[in-house]
Each structure stands twice: as C-alpha cells, then as structure tokens.
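**Student:** Let's see this in three dimensions:
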Amino acid sequence: MNKLTATSLALVALFALNGCNSADMQTKTITGKAIDPYLAGATVCLGDDDRHCLSDEVSVTTDNQGNYTLPISGTHFNESHTIIVTGGHDIETDTNFTGKIVALHYDNNVTVNVSPLTTFAYAQIKEANATTHHARNAIEANLTQLFDCDVHADIVAKANRHHVAGLKAALKLARGAELLDANGTLALYIYAARIHHADRHFDIDTLLRTAAEQAENDANGTGLVDAIEDVIDAINDANGSVHAIAEEAHDAAHTAAKHVHNIVHDRVCKMTNACGEDHNQTRSKTHNSDTKNRARSHDASDQNRTRPHNPQDTDRR
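**Tutor:** Take a look at the predicted model:
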C-alpha cells in the first residue's frame, strides 16, 4: 500500500510539473497594425533590446491592410521585448518602406500597434532608462500630450474619424527620419528623444528643426534645415483624407530630398572640381522643375480638400 501510494504521489507530482511547464511554453499571440501609414507585406518579429529579431521566435508578414498576428512563446510573452517592423510598402502612397519602426511589448499586452509614435516612445523610454511600469506610463502620458494622440493608437483609424493630429505627428517623424537618417536606422528618433528628454517643452516641429540644424552643422551645410521646414509646412497645411495627407507628406519629402541631394552634389563638385557648367545648368533646371511640380501638387491638393480645416487636429502648439 505504501509503495502504491508513493508511486501515485510521484505520478501526480510529475503531471503537475509537466502541466506547469506546458502552460509556460504555451504559444500566445500578439496582434496589431504596422503603420507608416498602413504597411502591407512588412516583416514583423519579436526583438531584443538591440532591436534584433529573436532567433527562437518566428517572423510574420502583414496583410494588405497592415494587420499582423505574431505567435509568441509563453516564456517570452511574459517578458519585455520589442516588436520590430521592417520592409513592406505604404498602401496610401504605394511606396516601399525602407526604415524600421518598433514598439515595446510589456505587461502581457495582446494588442500592439507599431508606428512612428511608438518608435519615438521606445526611444524616449530607453533614453530615460525607464524600467518600471510607473516610469514608462509617465513617459507615454507625456508623449500623448505631445502628439495630441494616444501613443498606441491606430492613427489611421483616428484620422478617418477626423482626428489627424496623431497621423500628422507620425508623418513628420517618418518623413523627417528619411531625410535625416538615410541609412534607415533609428538615429533620428533617438536624437529627438534625447532632446525631448532634456526639455519637454519642445514640440514635434521644434524637435525636427533642432535635429536638422545639428545634422546640417555636422555636414557643414546640406540644406537640411530648409528641407525639414518644407516638409513640416506641407504636413501642417495638408488636409482631407488619409490618402491626401500621406501623399502631400510623401511629395514634400521627395522634393526636399532631391534638393538636399543637389546641394550635396554641388558641394562635392566644387571640392573636387569634377563638375562643369553643364551640371550647374542641369541642376538649376531640375530645381526649377521640382518647384513647379510641387506648386502644381499643392494646387491639386487644395482642390481636393473636401473637409474644412479643424484647428484642433493640427500639431502646432
């Protein structure tokens, strides 16, 4: 009887232990949107603090509306990690996404949207070395005021309900990152987070201008300040549908990038004496053409604006 009882107890203990391990290892899922605006065909993965995908977790691809469903093992689900989005294309402008956006996953959240706003929040939390829930929540609450939009919101859905502040803030960060951070890293977000951590009275426009000034000083003149100013103005003035605002931001950033490229090219030509008068004439014609095309784009956008401008939806402070 004693032997039977001992054997039974051992089996119960074994089943209990296995059950515990099974629960810990049970796969759970995180769902959300990849937003810049919505990114179709983007790769989503669970990452570490260095923003590298974990080798023992799977990566998934977003659908044509930017939705993802990411399976996570139980052990990792209960830890703090990053959700990383790369690749894909913006469905509003039909352009490829070459950067990287991230969001922190913690508190066992099952829904995590990833956008330029969450990327900025991630950079701010890392800059402040905020490891507690209270510290993270305080930072995110402050950024919600900065963006006039919840950091974790689906900013495209909110814009479709006539609240475009979050979308405009995200577009400024994203298009600014393309201009100031050509390698597609998170340098712009980290630099802006550092500035904001030092002085929380800064708004998005001031953060971008300051970053552009620093980048231009480091490069000894590249036209980045004027380029950023053009992008900020275009996004602030944009109105209408999500598509119209995204197109306006994209066109302004594209024109600004070409302008910066021409200035840098001219500097290299002068330094190396490798370019002649033909290049300068071509550059002048190209710049004039860009200016005319941009003016036509603004005219077209003005004609397509169907909703009155709502001052509450701007990011101007």
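**Student:** Could you pull up the residues touching residue 94?
**Tutor:** By Cβ atoms under 8 Å, 6 or more residues apart in numbering, residue 94 lies in contact with nothing. For the C-beta atoms, the positions are set from N, CA and C on the backbone; glycine is no exception.
**Student:** Repeat that for residue 109.
**Tutor:** Going by Cβ under 8 Å, 6+ apart, the list of residues near residue 109 reads residue 30.
**Student:** separation between it and residue 180?
**Tutor:** Separation of residue 109 from residue 180 (Cβ to Cβ, to the nearest Å) stands at 30 Å.
**Student:** do the same with residue 222
**Tutor:** From residue 222 across to residue 180, the span is 10 Å (Cβ to Cβ).
**Student:** so what sits against both of those two?
**Tutor:** residue 215.
**Student:** Pretty sure residue 169 is one of the things residue 148 touches, is it not?
**Tutor:** Yes. If you go by Cβ atoms under 8 Å, residue 148 and residue 169 touch, sitting 7.4 Å apart.
**Student:** Confirm residue 69 sits in a strand?
**Tutor:** Yes. Using DSSP: H, G, I helix; E, B strand; the rest coil, the secondary structure at residue 69 is a strand.
**Student:** In contact with it: list those residues for me.
**Tutor:** Residues in contact with residue 69 (Cβ under 8 Å, 6+ apart) are 29, 30, 31, 60.
**Student:** any idea how far residue 33 is from it?
**Tutor:** Residue 69 sits 11 Å away from residue 33, going by Cβ to Cβ.
**Student:** Also residue 235?
**Tutor:** Computed as Cβ to Cβ, the residue 235 to residue 33 distance reads 20 Å.
**Student:** Residue 193 too?
**Tutor:** The gap separating residue 193 from residue 33 is 22 Å, by Cβ to Cβ.
**Student:** do residue 116 as well
**Tutor:** In this view, residue 116 and residue 33 are 13 Å apart by Cβ to Cβ.
**Student:** So for those two, which residue has more residues nearby?
**Tutor:** Legend: neighbour count by other Cβ atoms under 10 Å for residue 116 and residue 33, higher for residue 116 (26 against 23).
**Student:** Quick check: the more buried one touching residue 36?
**Tutor:** Yes. Using Cβ under 8 Å, residue 116 makes contact with residue 36 at a distance of 6.6 Å.
**Student:** Return every residue with contacts to both of those two.
**Tutor:** 101, 170, 174.
**Student:** and of those residues, the nearest to residue 242?
**Tutor:** residue 170 (11.1 Å; Cβ to Cβ).
**Student:** any idea of the mean pLDDT for the strand or helix carrying residue 157?
**Tutor:** Assigning secondary structure by DSSP states H and E places residue 157 in helix 155-160. Helix 155-160 carries an average pLDDT of 96.
**Student:** what mean pLDDT does the helix or strand just after it have?
**Tutor:** Moving toward the C-terminus from helix 155-160, the next helix or strand (DSSP H and E) is helix 165-180. Average pLDDT, helix 165-180: 91.
**Student:** Provide a list of residues in contact with the spatially most central residue of the chain.
**Tutor:** Nearest to the centroid of the C-alpha atoms of the chain, with distances taken as Cα atoms, centre = their mean, sits residue 116, at 2.2 Å. Counting by Cβ under 8 Å, 6+ apart, residue 116 touches 35, 36, 101, 169, 170, 171, 173, 174, 177, 189.
**Student:** How about residue 154?
**Tutor:** Counting by Cβ under 8 Å, 6+ apart, residue 154 touches 33, 35, 113.
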